[in-house]
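Trainee: Got a sequence here, can you build the structure:
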Amino acid sequence: MKLRLDVDYAYPSRIKSFVYTALSRKSRKDYLKNAKTIARMIDESPQKIQAYWFFTPHTWPDDEMLNLLNSDKHQIALHVTNNPYKELQELEKVAGRDIEFYTIHGTKRLLARIIWKRKLWESITPIPASFPLKSFHEFPTLAFDQICYHNSGSVAITIAEASIEKGDVLEIHPEWLFQRGTINHRGPFYEPLRQVLQVDRELDQLVIRKKAFVRIAKLLEPKEYMHDFVPTKEFIQKLGDRPIDIFTFIERKWCNTIASTSHSWIKTTDNIALLKVTSYEDWWKNIGKKTRNMNRKAEKTGITTQVVMPSEELAEGIWKIYNETPIRQERAFPHYGESLPSVKNDVFSPRKGAFIGAFFENRLVGFIQLLYGDNIAIISQILSLQEFWDKAVNNALLARAVEFCSKNQMPWIMYGRMGNHPSLDKFKQSNDFKKFSLTRYFIPITRKGQVAVKLGLHNEAKDILPQSIKYSLIPVYNWISRRRV
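Mentor: Here you go, the predicted structure:
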């Protein structure tokens with residue numbers, strides 16, 4: 001795989017790059033930040049790569065960048081701006097190595113020519129016939145950042161892989177790693193490039209959301225509850241290289257504690273609904289008489305439950321449950337309208353877990369989806385057809401889940417959080433789930449992240465409000481949710 005990297009501008013901020021280029025000055029802060037991120041990605045890639053880095057006088061590599069370009073995967077080259085011979089001499093002195101290739105920096109717009117101090121009538125600098133370097137313009141090249149602008153990530157990856165197979169060079173401009181260029185139609189290309197290079201797999205499990213002026217990353221739910229996780233310095237550095245300001249994760253106190261934490265980590269209190277599983281018989285004794293009667297009622301009215309394997313029939317049954325009604329528990333149901341192929345993809349996904357089905361006269365009327373983690377089974381979903389709610393289907397499903405986890409020596413069952421839905425909280429408590437408090441950590445990564453944490457923007461409003469006030473506002477939230485539907 002061959003990469004051509006035209007390092008036109010030194011900073012992720014376009015305005016900062018324009019100003020510092022026009023003034024012929026440099027700032028240490030964020031200097032070549034995106035280029036350094038890409039260099040680390042290339043070094044970590046298992047792929048066989050030859051990367052050609054074309055630098056201008058305004059982006060000469062500093063010591064940190066030169067250290068990243070030490071491996072055989074990288075070759076430093078010249079991106080000619082105004083004076084080919086002078087720039088070649090300067091780059092060889094800065095890089096401390098011989099230069100073999102060059103490309104020409106083009107400036108189609110008048111403002112760009114002024115910024116780059118070029119003759120107003122020249123879009124590119126002419127190269128003398130005696131210039132000793134080889135032109136890199138002769139190689140067949142795919143403008144990968146432009147492909148990423150015009151196509152979805154999956155399509156861009158397909159196009160790139162086909163071009164690589166043909167021997168084409170992938171051309172990218174580091175300044176568009178995370179940005180979308182509206183005038184020159186480039187980027188963002190981080191996600192497709194990451195997959196082409198087969199790196200940063202640990203970031204696959206992240207979900208990133210924007211809150212006010214910051215971007216907060218966390219592990220996908222329920223992933224963060226399934227395995228113990230403590231971020232390393234290397235992981236935090238990777239997040240710092242990306243446009244992420246705050247990272248948050250939980251401490252799984254029910255089975256493990258974090259030995260030592262950094263003073264910069266901010267602690268907040270979170271909770272989950274947790275059931276300690278010793279045996280099915282113990283659970284049956286601990287639940288109240290009313291809950292036991294609900295389970296007997298399900299059995300008497302003809303409801304049977306069993307562990308079911310993924311199948312076309314299961315997927316179709318779940319799809320019918322999803323699309324029975326747009327409203328569940330007095331609010332909009334997010335799975336309503338989901339297509340059958342989408343449900344099949346979820347049912348047949350390779351995630352480690354199990355489905356338990358509830359049947360009435362051989363018809364699927366409800367199901368529970370369990371996901372397995374370390375020392376825990378997580379209830380991902382528990383749903384039943386509304387027309388059978390009088391048969392206590394969900395109670396029967398939960399009882400079978402407890403029995404299943406007991407037989408398979410899963411010591412804990414998690415059922416979401418407590419405090420967000422009064423009727424659901426009551427159902428959890430009646431089945432012996434307890435509110436388990438745990439610690440959620442927030443790690444400020446950037447200056448913006450530090451400011452946001454000081455302002456309290458990392459906290460969720462629903463967790464700040466007293467329970468009594470929050471419960472009183474839930475009907476309003478439900479009404480708004482139904483109105484959207």
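Trainee: Could you report the pLDDT at Gln467?
Mentor: Looking at Gln467, its pLDDT is 68.
Trainee: Over to His421?
Mentor: pLDDT, read off for His421, is 84.
Trainee: neighbours around the closest residue to it other than its chain neighbours, how many?
Mentor: If the residues on either side of it in the chain are set aside, His421 comes closest to Gln329, at 6.4 Å by Cβ to Cβ, 6 or more residues apart in numbering. (Glycine included, C-beta is placed from N, CA and C.) When counting by other Cβ atoms under 10 Å, one arrives at 11 neighbours for Gln329.
Trainee: cool, the one 10 residues further on as well?
Mentor: Applying other Cβ under 10 Å, we find 11 residues neighbouring Ser339.
Trainee: Likewise for the one 5 residues further on?
Mentor: The number of residues packed near Lys344 is 18, by other Cβ under 10 Å.
Trainee: Tell me where the stretch 201-350 of the chain is predicted with low confidence.
Mentor: Scanning the stretch 201-350 of the chain for pLDDT under 70 picks out nothing.
Trainee: Can you list the residue ranges for helices in it?
Mentor: For the stretch 201-350 of the chain, applying DSSP state H, counting those that start in this stretch gives helices covering 223-226, 233-241, 280-286, 289-300, 312-322, 340-347.
Trainee: Can you tell me which of these is nearest to Ser437?
Mentor: helix 223-226 (14.0 Å; Cβ to Cβ).
Trainee: Just the buried residues of the closest one, please?
Mentor: Residues of helix 223-226 classed as buried by neighbour count (16 or more other Cβ atoms under 10 Å): Lys223, Glu224, Tyr225, Met226.
Trainee: What is the nearest of the residues you listed to Ser123?
Mentor: Distances from Ser123 to the buried residues of helix 223-226, taken by Cβ to Cβ, are shortest for Lys223, at 50.2 Å.
Trainee: Go ahead and confirm that closest one touches Gln205.
Mentor: Yes - look at Lys223 against Gln205 with Cβ atoms under 8 Å: they come within range, at 5.3 Å.
Trainee: Pull up the gap between Leu101 and Met41, please.
Mentor: Just so we're on the same page, residue 101 is Phe rather than Leu. Note on Phe101: its distance to Met41, by Cβ to Cβ, to the nearest Å, is 22 Å.
Trainee: Show me the protein divided up by domain.
Mentor: Following automatic domain parsing, one finds the domains of the chain at 2-199, 205-269+437-484, 278-410.
Trainee: Ile236 is in contact with Glu443, correct?
Mentor: If you look again at residue 443, you'll see it is Ile, not Glu. Yes - with contact defined as Cβ under 8 Å, Ile443 reaches Ile236; the gap is 6.6 Å.
Trainee: that older thread, can you list the domains of the chain in JSON lines and add distance to Arg417?
Mentor: Below are these laid out as JSON lines (distance: least, Cβ to Cβ, whole Å):
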{"stretch": "domain 2-199", "distance to Arg417": "30"}
{"stretch": "domain 205-269+437-484", "distance to Arg417": "9"}
{"stretch": "domain 278-410", "distance to Arg417": "12"}
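Trainee: Of all those, which one is nearest Leu424?
Mentor: Proximity to Leu424 (Cβ to Cβ) singles out domain 278-410 among the domains of the chain, at 6.6 Å.
Trainee: Could you work out the end-to-end span of the closest one for me?
Mentor: 9 Å (Cα to Cα, to the nearest Å).
Trainee: picking up where we left off before, just send the buried residues of helix 223-226 back as TSV, with distance to Pro422 too.
Mentor: Below are the buried residues of helix 223-226 laid out as TSV (distance: Cβ to Cβ, whole Å):
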residue	distance to Pro422
Lys223	28
Glu224	25
Tyr225	23
Met226	27
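Trainee: so which helix or strand takes in the residue located most distally from the centre of the chain?
Mentor: Distance to the chain centre peaks in the chain at Ser130, reaching 50.3 Å (criterion: Cα atoms, centre = their mean). Using DSSP states H and E, Ser130 maps to neither a helix nor a strand.
Trainee: sorry, back to before: so the residue nearest to His421 is in contact with Asp425, correct?
Mentor: No - if you go by Cβ under 8 Å, Gln329 and Asp425 don't touch, sitting 11.3 Å apart.
Trainee: measure Gly187 to Leu370 for me?
Mentor: Distance from Gly187 to Leu370, by Cβ to Cβ: 41 Å.
Trainee: my bad, Ile208
Mentor: Ile208 is 27 Å from Leu370, by Cβ to Cβ.
Trainee: contacting residues around Arg180?
Mentor: Applying Cβ atoms under 8 Å, 6 or more residues apart in numbering, we find Arg180 in contact with Tyr149, Arg186, Gly187, Pro188.
Trainee: go on, Leu398?
Mentor: Contacts of Leu398 (Cβ under 8 Å, 6+ apart): Ile368, Ile382, Asn431.
Trainee: Next up, phi/psi of Ile474, please.
Mentor: phi -60, psi -40 (degrees, to the nearest 10).
Trainee: okay, it: pLDDT?
Mentor: 75.
Trainee: Likewise for Arg482?
Mentor: pLDDT for Arg482: 77.
Trainee: same deal with Asp463?
Mentor: 68.
Trainee: Also His150?
Mentor: 96.
Trainee: Was I right to think it contacts Arg186?
Mentor: No - if you go by Cβ under 8 Å, His150 and Arg186 don't touch, sitting 9.8 Å apart.
Trainee: rewinding a little: what sits in contact with each of Ile443 and Ile236?
Mentor: Phe247.
Trainee: neighbour count winner among the two?
Mentor: Ranked by neighbour count (other Cβ under 10 Å), Ile443 and Ile236 place Ile443 first, with 23 against 15.
Trainee: what about the residue nearest to that one when sequence neighbours are not counted, distance to Val230?
Mentor: Leaving aside its sequence neighbours, Ile443 sits nearest to Phe247 (Cβ to Cβ, 6+ apart; 4.7 Å). Going from Phe247 to Val230 by Cβ to Cβ gives 12 Å.
Trainee: These two - which one has more neighbours?
Mentor: When Phe247 and Val230 are compared on other Cβ under 10 Å, the one with more neighbours turns out to be Phe247, at 24 against 13.
Trainee: For the more buried one, give me its contacts.
Mentor: Ile216, Ala217, Lys218, Pro231, Ile236, Leu239, Phe442, Ile443, Ile445.
Trainee: The fifth one contacts Ile445, correct?
Mentor: Going back to what we said before, that points to Ile236. Yes - using Cβ under 8 Å, Ile236 makes contact with Ile445 at a distance of 6.4 Å.
Trainee: what residues are up against Thr248?
Mentor: Counted by Cβ under 8 Å, 6+ apart, Thr248 has contacts Ile216, Ala217, Lys218, Arg440, Tyr441, Phe442, Ile443, His458.
Trainee: beta partners for it?
Mentor: Beta-bridge partners recorded for Thr248 (DSSP bridges): Lys218, Phe442.
Trainee: Near Val19, how many other residues are there?
Mentor: 14.
Trainee: Relative to Tyr11, how far out is it?
Mentor: 9 Å.
Trainee: now do Tyr20
Mentor: 7 Å.
Trainee: any chance you could map the strands in the stretch 301-450 of the chain?
Mentor: 303-308, 327-328, 331-332, 353-360, 363-373, 376-384, 412-414, 434-444 (DSSP state E, counting those that start in this stretch).
Trainee: So which of those strands is nearest Ile76?
Mentor: Of the strands of the stretch 301-450 of the chain, nearest to Ile76 by Cβ to Cβ is strand 434-444, at 34.8 Å.
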